[in-house]
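Student: Compute the structure for the input listed below.
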Amino acid sequence: MILYPNAKINLGLSVLIKREDGFHNLETLFYPVEARDVLEIVESDSLQMHQYGIEYPGDPMDNLCIKAYKALAADFDIPPVAIHLYKKIPVGAGLGGGSSDAAFTLKGLNEMFSLGLSDERLAAYAATLGSDCAFFIYNRPMLGTGRGEILEEAEITPLDNYEIKLVYPPYFVSTAAAYGGIVPRDKRVANGEKFDSRQLLEILRQPVESWKDSLVNDFEKTVFAKIPELARYKEELYEQGAVYASMSGSGSAFFGIFRKK
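Tutor: Have a look, this model is predicted:
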């Protein structure tokens, strides 16, 4: 079976509060985009993981795709598989490539072995693998809260008349490093900082041209302080005519939304 896991961008990303378990409560809109990896799953005599394309750090057997297989294998009698992953989505870019690979592994195994799992069941497995992993089970615009794993359907201003351009700066931003410098909004409000009082979905239902002044990714301030060169990539997207530009997730990829010509 061959699958094509896609990337995502974040339309707005607010880090609201640090929880007692060490995670942060977020609010964001996950939006699927066309950048894709290539994933092949075949039955095998033993569980195997083969990686190609963009170099992926770490032991291949620690890949989220293997963890996805093991999550299902713990509950279902499925045979071992060989997983071949061709990485095209950059690593450490805030595009959710690893989470997408894992979610598509779950969906692929569900189909290959006729497990009959609903999207809701698959999303429950996915949520144990990563905060944004469950989104890729549904793979349509969704509001993410909690760690990002609490999802609900969301209607926003349609982007049919726009195109989304992705830019991949040559910098790696680890999620841990991005969170390490973040100051949640509850602390910033306590220090007197002001924010747009409108809810995220209210902003996203306004014309796209109005998002520039109101739709914010809280990680930009932290990441730009660590890697000042990244701010220039956002500026260049606006210079090219984007009506809205932002870093995706915790970075380092950027996207620009352009009106179709």
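Student: what sits up against the one helix or strand Lys234 maps to?
Tutor: Using DSSP states H and E, Lys234 sits within helix 230-239. Helix 230-239 is contacted from outside by 165, 167, 169, 171, 212, 220, 223-224, 245-247, 251-252, 254-256, using CB atoms under 8 Å, 6 or more residues apart in numbering. Where C-beta positions appear, they are placed from N, C-alpha and C, glycine not excepted.
Student: And the chain, what are its domain boundaries?
Tutor: Annotated domains of the chain cover 2-153, 162-259 [automatic domain parsing].
Student: Keep only those of the contacts of helix 230-239 that are in helices.
Tutor: 220, 223-224 (DSSP state H).
Student: which of those has the most neighbours?
Tutor: Using other CB atoms under 10 Å as the neighbour criterion, Val223 leads those with 24 neighbours.
Student: Now do the same for the nearest residue to that one once chain neighbours are set aside: its pLDDT.
Tutor: Using CB to CB, 6 or more residues apart in numbering and skipping the chain neighbours, the partner closest in space to Val223 is Gly251 (4.6 Å). With respect to pLDDT, Gly251 scores 84.
Student: Would you map the helices across the stretch 101-250 of the chain?
Tutor: Taking DSSP state H, counting those that start in this stretch as the test, the helices found in the stretch 101-250 of the chain are 119-127, 135-138, 175-180, 185-190, 200-204, 219-226, 230-239.
Student: which residues are contacting the third one?
Tutor: Under the criterion CB under 8 Å, 6+ apart, residues 15, 24, 92, 219, 222-223, 226, 250-251 lie in contact with helix 175-180.
Student: List the buried residues of that helix.
Tutor: Using 16 or more other CB atoms under 10 Å as the test for burial, helix 175-180 gives 177-179.
Student: to the chain's geometric centre, what's the distance from it?
Tutor: 15 Å (CA atoms, centre = their mean, to the nearest Å).
Student: Likewise for the last one?
Tutor: Taking CA atoms, centre = their mean, one finds helix 230-239 lying 21 Å from the centre of the chain it belongs to.
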